[in-house]
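Student: what's the 3D shape of this:
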Amino acid sequence: MVIRELKEEEKDLLQDFLYEAIFVPEGMEPPPKDIIERPELKLYYEDFGTGPADFCFVADDNGKVVGAVWTRIMHDYGFVDAETPSFAISLIKEYRGKGIGTKLMKKMREHLKNQGFKNASLAVQKSNYAVRMYEKVGFKTVDENSEEYIMVCDLGKE
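Tutor: So this is what the prediction gives:
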């Protein structure tokens, strides 16, 4: 398993990984694939690579991209301010629970810190098992609503 930067010709993968990132609680039906065409979700991938915090790392298993973490400064669910990139992360189901997500998150954290960013943010549904992983890599809950936690990571801290 290699963690590497997303290649230009792989940008369409972000749409697939965005769909995979949609948390579906146990026993619920997944939403239709075209949900990612909604304006509030398109901002995660549309024109990716044009913003100052548009970065993406992927987990590559012998030539197959099995996971991705990407950031942008965007008015998404995890938006805190105009200087803080928001995280998105997703893994193909069979690759979850193997520490790959943690490696991707740590790699992106380090990259953002090296790029001069002070913080990073994300939003996660309260019932999502990934909350523990986000806490493990340094994210802390700063706000919440009935469904989600808004989490921020101070990139200066280890």
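
Student: how deep is Thr50 tucked in, by neighbour count?
Tutor: Neighbourhood size, Thr50 [other Cβ atoms under 10 Å]: 8. No exception for glycine: its C-beta is placed from N, CA and C like everyone else's.

Student: Quick check: which ranges of this structure have low pLDDT?
Tutor: For the chain, residues meeting the criterion pLDDT under 70 lie at 158.

Student: Quick one: the strands in it, in order.
Tutor: Remark: strands assigned in the chain by DSSP state E are 2-5, 55-61, 64-72, 86-91, 119-125, 139-144, 148-154.

Student: export those strands to TSV and tack on mean neighbour count and distance to Phe17?
Tutor: Output for the strands of the chain, formatted as TSV (neighbours: other Cβ atoms under 10 Å; distance: least, Cβ to Cβ, whole Å):
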stretch	mean neighbour count	distance to Phe17
strand 2-5	12	14
strand 55-61	21	9
strand 64-72	22	4
strand 86-91	23	4
strand 119-125	22	15
strand 139-144	15	19
strand 148-154	20	19
